[in-house]
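J.: this one's structure only:
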């Protein structure tokens, strides 16, 4: 994240609780929640099985910010819980008779023996028909080094080596989990408000549109966004950078946007890409995908990609898609 006032750090919230397993044999839907139709242990009434989110990712990538966002949305958040205790936490939520309907667990390398029980715990949850998602917070090496240096703290895995050694070790340790994640958020160039907006778009509630999108402009010379689901290239359009009177401005400027959309192919691209996204969105909904990141790139992420991202986001919003616009590289030159 790039905001100077507040950046995610390796610090996290204190744990709120933990403890013991439950094995409901069958589940039905009631008021949007899974409800056990059997009593599995003596004295345990029919209980709603909580929705579960597992937050993990790179140290310094914003796990604490993501957890605090869910806490603000009413989730019961448990920080640094040993993976073996996740099913126990779910059981306790089930015994709360609906008082704990949504649980978020932060799991990270501070537990050291990170994967010893995680895979087993996830299999246990799947066997109980628990609705669970994994959110993985990612960030570039450069951004992570800056954050650790700014708070003058060592990386939890660097030992006697350098910060970059700890980051490399953590990436290798988390590789498999990242591949299993339902949502990967790259926070390299996000400030805390933009990360919260992404979390809100995904988790803010049932009344929001069922598909949520981030439209991100970026510059190819700064690299592809690692969390992009779809990437479109605007470099087929003439670059306003070479128009002296437009060069100082961005794609948010009316004159720049008018220049971009007066070029051959610009309006046609917008129309056809919006039509393609409608087709893709319908498929995402059928497959249960609720969040998509659409990256729109040009050379520097200042003119063409910004103008196109704004227009595309407006189209999506008009069609009922909850849309957040992020201009990753605007102002970076």
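T.: Arrived safely, thanks for sending. Everything numeric here is computed off the predicted structure, so don't read it as measured data.
J.: show me where pLDDT drops low in the stretch 151-300 of the chain?
T.: 205-210, 288 (pLDDT under 70).
J.: what about the helices in it?
T.: 163-180, 192-203, 254-261, 266-286 (DSSP state H, counting those that start in this stretch).
J.: Pull out the buried residues from the first one.
T.: The neighbour-count check on helix 163-180 (16 or more other C-beta atoms under 10 Å) flags 163, 166-170, 174, 177-178 as buried. Every residue, glycine included, has its C-beta placed from N, CA and C.
J.: hmm, back to that, CSV for the helices of the stretch 151-300 of the chain, including distance to residue 223?
T.: Below are the helices of the stretch 151-300 of the chain laid out as CSV (distance: least, C-beta to C-beta, whole Å):
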stretch, distance to residue 223
helix 163-180, 17
helix 192-203, 18
helix 254-261, 23
helix 266-286, 22
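J.: so which of these gets nearest residue 328?
T.: helix 192-203 (9.3 Å; C-beta to C-beta).
J.: Show me what the closest one is packed up against.
T.: helix 63-72, strand 183-186, strand 212-219, strand 322-327 (3 or more C-beta pairs under 8 Å, 6 or more residues apart in numbering; DSSP states H and E).
J.: do that again at 6 Å, thanks
T.: Contacts defined by 3 or more C-beta pairs under 6 Å, 6 or more residues apart in numbering; DSSP states H and E place helix 192-203 against helix 63-72, strand 322-327.
J.: What is the burial count for residue 82?
T.: Neighbourhood size, residue 82 [other C-beta atoms under 10 Å]: 17.
J.: likewise residue 189?
T.: By other C-beta under 10 Å, the burial measure for residue 189, its neighbour count, is 22.
J.: residues contacting the residue nearest to it when sequence neighbours are not counted?
T.: The spatially closest residue to residue 189, leaving aside those adjacent along the chain, is residue 328, at 4.8 Å (C-beta to C-beta, 6 or more residues apart in numbering). Contacts for residue 328 (C-beta atoms under 6 Å, 6 or more residues apart in numbering) come out as 189, 216, 218.
J.: Next: residue 158.
T.: Residue 158 makes contact with 165-166, according to C-beta under 6 Å, 6+ apart.
J.: where's it relative to residue 269, distance?
T.: Separation of residue 158 from residue 269 (C-beta to C-beta, to the nearest Å): 46 Å.
J.: got it, and residue 76?
T.: Residue 76 is 45 Å from residue 269, by C-beta to C-beta.
J.: Surely residue 329 forms part of a strand?
T.: No. Secondary structure of residue 329 (DSSP: H, G, I helix; E, B strand; the rest coil): coil, not part of a strand.
J.: right, and it touches residue 217 too?
T.: No. Residue 329 lies out of contact with residue 217 (C-beta atoms under 6 Å); the separation is 7.3 Å.
J.: Of these two, give the one with the bigger neighbour count.
T.: Neighbours per residue (other C-beta under 10 Å) separate residue 329 from residue 217, with residue 217 holding more: 30 against 24.
J.: Count the residues that sit near residue 222.
T.: By other C-beta under 10 Å, the residues close to residue 222 number 17.
J.: what sits against it?
T.: Counted by C-beta under 6 Å, 6+ apart, residue 222 has contacts residue 329.
J.: now the contacts of residue 328 in a markdown table, with distance to residue 300?
T.: Shown next, in a markdown table, are the contacts of residue 328 (distance: C-beta to C-beta, whole Å):
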| residue | distance to residue 300 |
| --- | --- |
| 189 | 14 |
| 216 | 14 |
| 218 | 9 |
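J.: ok, what's across the strand from residue 186?
T.: When bridges are called by DSSP bridges, residue 186 pairs up with residue 138.
J.: Can you name the residues that contact it?
T.: Residue 186 makes contact with 138, 226-227 under the criterion C-beta under 6 Å, 6+ apart.
J.: ditto for residue 267
T.: residue 261.
J.: Kindly report the same for residue 240.
T.: Contacts for residue 240 (C-beta under 6 Å, 6+ apart) come out as 246, 256, 259, 303.
J.: same thing but 7 Å
T.: Residue 240 sits next to 246-247, 256, 259-260, 303 when contact means C-beta atoms under 7 Å, 6 or more residues apart in numbering.
J.: Good, wrapping up.
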